[in-house]
Structure formats: structure tokens, C-alpha cells
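A.B. asks: Give me the fold of what follows.
(chains A and B)
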There are 2 protein chains.
Amino acid sequence: MNYILKDENAVYYECGFSCDNEIFLKLGNEAFFFTDARYLTEAKEFIKNTQVILMDRRDPFKAVRDCIRKSGIKALVYNPAEWSVDEFANLSSKLHINFKKSLNFSQKKRIIKSEVELDILREAATLGAKAFDNFAKYIRESGFRLSEKRLFNEAENIFKNYGELELSFSPIVALDENAAKPHALPSDKILKKDMLLLLDAGVKYKRYCSDRTRTANADENMVLDKNAKFEDKLKQKVYDTLLKAQEASIKKARAGVKASDIDKAGREVIEKAGFGKYFIHSTGHGVGLDIHELPVIGARSRDVIEENMVFTIEPGIYLPNKFGVRIEDTVIVKSNSVEVIG
Amino acid sequence: MNYILKDENAVYYECGFSCDNEIFLKLGNEAFFFTDARYLTEAKEFIKNTQVILMDRRDPFKAVRDCIRKSGIKALVYNPAEWSVDEFANLSSKLHINFKKSLNFSQKKRIIKSEVELDILREAATLGAKAFDNFAKYIRESGFRLSEKRLFNEAENIFKNYGELELSFSPIVALDENAAKPHALPSDKILKKDMLLLLDAGVKYKRYCSDRTRTANADENMVLDKNAKFEDKLKQKVYDTLLKAQEASIKKARAGVKASDIDKAGREVIEKAGFGKYFIHSTGHGVGLDIHELPVIGARSRDVIEENMVFTIEPGIYLPNKFGVRIEDTVIVKSNSVEVIG
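C.D. replies: Residues are numbered from 1 along each chain as shown, chains lettered A, B, ... in the order given. Now for the predicted structure:
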């Protein structure tokens, strides 16, 4: 298959290098990496078995078109989500070949992780878990008087280890009713003792992402494990239901099952407890170089789970204007179970 | 003109609201805002004179297509840089109208700022300038032993005012030879006294960006103004040349001149001093809701400057493996001069 890639993580997966302006071309057994003058030296140093070619910044795709033309190929696969209409028009202009759309074909290639990738993902999860502990310590010592915005800023510092690591995504730190929004933005709301605190965050290690969520009662003893004890009875009831649901989905997950059945196992627990309509998203998503990859773990997913897939299991219950709870782990699929890594 | 927009800042400019999943449609005198269930309530609350319509998450563009079909319009303008090939195929499927490409037409509309926008941009610049002072203080008290990564992390904290503001872009903090790369990434390099330090950073106020760069000698007296005094003679010579060049471009800038002449005025100073080949980028870019807007201030730009345009003037000289200097201000164009705001 001849194909062309532009997404940074997709290109990194092919050749072990990427920058913020590049195109990767695979034509039969030959591979080509196009970039501009800023990155040429580094690209030549790091990339093996691939020709590194300079792009002219005035007409960046000219070198790519020339290379395609010279090769004499008749068809080229591309991901229509990776290219803007403008870029694609530029790339394909005056090229008389068949451009074949294949949505997210790189993510499909990456859905089963290698042993090397699994070890990197385990290490990312370990670093992420350590940051959860550090954030819990920060809250215990905070005096319960900081705003969500300030907590968010410190979560970023802690997860980045003050400049050493990159984030998988912008952390979500939400208190009580703000936690009822699955994608809450930090507000001026002040943390008080015994508020519910939700933290969804992750770090990158060797470019691979960790992803985890914990919900807890904010107090001097707070730890961000799964054994949260709430002062409020409704919070505790919802939390206990959700934890059972998450455990049911984890128990269901293994090679050979349908992704939709993993979703169903947890959703049934939540529905039986009467909170079904408050679980408003799917159960999880693949994790790797991208924070959201394949497979999709949801009711309408057609994915079938295989060994060495990596994904999150993260049901949530959101009571509008009251509070929300979510518990999330990242898991590696084994033949008869999953390994919970984060 | 009937048009469709998807970019957040472009949509915000039209209706004073945006979120991370939306489409804005302007059909004659009528305006429509499409979003999903997460943002519907807020959108209805904030947006005036525009119909807010729910998108189905399974087929988000269906409501948009229905609205276009019902209107009976024959042609619709869109920005081909805003839509992926996949999204545009989805939007335009089964719609028998003429989609007209117009690259960055929203930015063209936004090129002249209103008095309200100018006041917001001045306030953004003031907040940004204060953060430069705070960062200089941090360096003076740092003990000269922190890594670039750590300095970068603290620059983020200071410019975000610990969670209160958003950044215009990820700050650039670069020392000595790392400053020779116009888009340096922070490294493990340790700050030592009398190193050259380059800081390029900005904040957002009411969604409008500030943008400024200063270069200085890192020591106990460091301030991030334009009167940098270097221990090293070559650094001082290059810096003095650059400052003269920046002043020449600022002096040239006013309503009625060509953008290319603003670039030329500074470039000539640098060329005369023998550093021409080390000024490897254009002189500046428009600033507004986007950090990079129109006009383009460069040798090949065809833009003609008008009153109330806002852009940066930021020449740089980069000596590979030695050091780089850049001085950047944001300016508002007046009839006979510019107002330097940051």
C-alpha cells in the first residue's frame, strides 16, 4: 500500500521522528520524509531508512508532488481527517493519480501495541500515578481556600513535574457541581473542606500518554485512590455504584469480547441503581501516542477486543447542578483479563 | 454574502460566543449557531440575534444541511483552511449548492480593529508587560541554577498569573545558543549568570492576544526592557544593530505605507551591519483574536497598512550555535505613526 501521512503521531509511528511541519510518504519499500529548513538537520540525524527531503516554504508541497510524479504510482492512500480542503487541493493539484480516502488508517495500524510500546505505556502510567499522589498531598496541605483555577494551574505544574514532562491533555480539576460537567473548565469557585473533587489528568512518557481519573472527598486525609469516603450520603451512594460499574467493565474486558459488552457490563450496574440517564458518555477510548485512539469502548462500537490493545475504562455519573463522579483506569488487554496500569 | 464558519475565533467575532464544537451560518440577514447538547444552554443564554440549533452528535452536520436546504440559497462561502476533507465531504454531501472557497475571509474582515477591540488589545498588552516584569524579578532572584525547562514552566505560571489568564501561545524561553533557533524548545541547559536570555510570550485578555519579545543579559540587575547591556561584546554589537533595525521599522510604520517597506526599513539596517543572512524570518504579523492574523509584515507581503491595524514588529538576528536576539513590540497603526502597546 502506498500512503501519505501528515499527523505528527502518525509520522512518528512510521519513522521515530516528527516535528511541526512534515509529510511522510511511503511508496512500496521506499519512505520519504519532507520538512522545512528549520528541522532538516535533526531529521537527517534521527531518521533511518528514509530519505529526508527539503520543502520550500513558499510551495511546501512541490517536493512531495515531484516525488509522487517521479515514482509513477497510480494510487495513494490518505486520511481525509488529516488534511484541510486547502492543503489537499494544493497537494493533489496537477497530480493524475487516484487518491484513496481511508479514515484514520494510522490509528487502525496502531491499535495493537508492541511489547516495547506496552512498557512505555506502563512507565507513563507510573509517572501519572505518582503525580496523582503529589496532587493529593498538595490538596491536604492547601488549607482549603484556593480557587479551581489555581488548583488547575498547580495540577499542570505537578503533572509536568515543573517542566520535566509533557501533559497528555489539559487536566480537569472540578469541584462539586462543576464536576457534573464532563468537560468542566476551571472557575473562580473556592475549594472548601468536604467538597467533592474530581481530577482527570495524564502525562506523556516517550510521547505515549497516561490517562486516569479519581474522585474524592477533599479533606486533610485525602488520597486519590478508589476508596473514596464522602461526608455526604448521596455522594457516597453514587460513588459506590460507579465503582461497582467500573469494576464490572474491567472484569468483562479481555481478548475476544465485544467493546460494546464492556460498556454494557458497567452501564447495567448504573441503570439498576437508577442512575442510567446520568451516565452520558461512552465507557472508554484507546490510548497510545494519541490520547484518544482506537478502540472505541461504547454501546454503538463494533470493535472486538484483542490482546495488547490499550484503553481506558471510565464510566461517570453526573447529577446536574449537584456533583459528578468519574473513575478511570487505563488497561492492557490480556487473553483472559486486563492488566490495570493506571 | 452567505457564509459558513467553524473556527472558534471567527465564530466568536460574529456572535460573541464560541465553544469547541460549533458551526456558524450567515444566510442574508439571518444567523444560525449549531452546537451539541453540552453547550446548548450557555449558547442560548449568551448569543443574541442568532438562532441556536442543536447538533445531533451522531450526524453533527445534518442540522446544518437541513438549514441550508430550507433556505433555498444557491451559493455559500467557506474557508478551505477551516475544514478537513472529511468534514467538508460530510457537510456538502447531497447539497446541490455552489460552495465558494475564500481563504481566511474572516481574518480579512478582522484586519482593521474597532475602538473596543483596541482598548482590549491595550489591556492585554499591559497585562503581558506586567508579566515580563514579574519574570525578570524571578530571574534576578533565581540564583542562576535552573534549567530552561524549569524557567519555561515558571514563565507559564507567571504569564498565566497562576491560573487567572490564558496564554496567547506557549512561551519561548531560550538561553545563548538555544536562542539562535527562532522556535526553540526548552532544554536541560542550566541558566548561568551573564548568559543571554530571550523571552517571547503573551497573554489573552477577553480573548485578544498580547505578544512581545525581549532579550537580555541574565544577571542580578536584569530588567526586560529594550536597554539590554551584555557582558559579551559581540552580543552587544548584534543587540544594538537589532534595536536600531526595530526602531527603523517602527518609524516607517503608519497608514498608507506598504507592509514590505516596514520590513525593508529594518532589514536594511541589519544588512548594512553585515548580519543580513542571519535575519531569517519576516518582520511581523497581525495580532487580534488569533495570535497570527493579517496583515503580513514581510518582504513579499502585498498588504498596505491602514489605520487601526494591529501587528508585531519583531526582527531577529540568529548566529547559529552562538546566540540569537529578537526584539518584538505590538503596535496600533495611526495616520502618521504607530502607538507601541507592548
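
A.B. asks: Which strand or helix spans residue A:138?
C.D. replies: helix A:115-140 (DSSP states H and E).

A.B. asks: who does that helix touch, helix- and strand-wise?
C.D. replies: Packing contacts for helix A:115-140, counted by 3 or more CB pairs under 8 Å, 6 or more residues apart in numbering or on different chains; DSSP states H and E, involve helix A:148-159, strand A:196-201, strand A:203-205, strand A:208-209, strand A:212-217, strand A:329-333. Using the backbone N, CA and C atoms, a C-beta is placed for each residue, glycine as well.

A.B. asks: Tell me which residues of the helix-or-strand element of chain A with minimal mean pLDDT come out buried.
C.D. replies: Lowest by mean pLDDT, DSSP states H and E among the helices and strands of chain A is helix A:40-46, with a mean of 89. Applying a neighbour-count criterion of 16 or more other CB atoms under 10 Å in any protein chain shown, one finds A:40, A:43, A:46 buried in helix A:40-46.

A.B. asks: What of stretch A:216-234?
C.D. replies: Under 16+ other CB under 10 Å, the buried positions of stretch A:216-234 are A:216-219, A:222, A:224, A:228, A:230, A:232.

A.B. asks: mind checking how far the spatially most central residue of chain A is from residue A:210?
C.D. replies: Centroid-nearest residue in chain A: residue A:291, 1.5 Å away (criterion: CA atoms, centre = their mean). Distance from residue A:291 to residue A:210, counting by CB to CB, to the nearest Å: 9 Å.

A.B. asks: Find residues that contact each of these two.
C.D. replies: Counting by CB atoms under 8 Å, 6 or more residues apart in numbering or on different chains, the common neighbours of residue A:291 and residue A:210 are A:168, A:202.

A.B. asks: sorry, back to before: the residue nearest to the centre of chain A and residue A:166 touch, don't they?
C.D. replies: No. Using CB atoms under 8 Å, residue A:291 is not in contact with residue A:166, being 11.2 Å away.

A.B. asks: buried stuff in stretch A:270-288?
C.D. replies: A:270, A:273, A:275, A:278-279, A:281-288.

A.B. asks: Nearest residue to residue A:12 in space, please, no chain neighbours.
C.D. replies: residue A:18 (4.2 Å; CB to CB, 6 or more residues apart in numbering or on different chains).

A.B. asks: repeat for residue A:180
C.D. replies: Using CB to CB, 6+ apart, the closest residue to residue A:180 is residue A:324 (4.0 Å).

A.B. asks: does the one you found sit in a helix, a strand or a coil?
C.D. replies: strand (DSSP: H, G, I helix; E, B strand; the rest coil).

A.B. asks: roughly how far out does stretch A:107-117 sit from the chain middle?
C.D. replies: Remark: stretch A:107-117 is offset 14 Å from the chain centroid, using CA atoms, centre = their mean, to the nearest Å.

A.B. asks: how about the helix holding residue A:138: buried residues?
C.D. replies: A:117-118, A:120-122, A:124-125, A:127-129, A:131-132, A:134-136, A:138-139.

A.B. asks: before we move on, what about stretch A:45-53?
C.D. replies: Quick answer for stretch A:45-53 (16+ other CB under 10 Å): A:46-47, A:50, A:52-53.

A.B. asks: and the buried residues of stretch A:270-288, which two are the farthest apart?
C.D. replies: Largest separation among these by CB to CB: A:273 and A:288, giving 32.9 Å.

A.B. asks: before we move on, the earlier item: please report the distance of the residue nearest to residue A:180 from residue B:163.
C.D. replies: Counting by CB to CB, the gap from residue A:324 to residue B:163 is 21 Å.

A.B. asks: next one: residue A:119
C.D. replies: Distance from residue A:119 to residue B:163, by CB to CB: 35 Å.

A.B. asks: mind checking how far the least confident helix or strand of chain A is from the chain centre?
C.D. replies: 28 Å.

A.B. asks: Tell me the helices and strands packed up against it.
C.D. replies: So helix A:40-46, by 3+ CB pairs under 8 Å, 6+ apart, packs with strand A:51-54.

A.B. asks: got the contact list for residue A:289?
C.D. replies: Residue A:289 neighbours (CB under 8 Å, 6+ apart): A:9, A:12-13, A:110, A:207-209.

A.B. asks: what do you get for residue A:81?
C.D. replies: A:103-104, B:84-87.

A.B. asks: and the residues you listed, which are buried?
C.D. replies: Using 16+ other CB under 10 Å, the buried members of those are A:104, B:84-87.

A.B. asks: ok, and the closest non-adjacent residue to residue A:51?
C.D. replies: residue A:32 (5.0 Å).

A.B. asks: Noted, bye for now.
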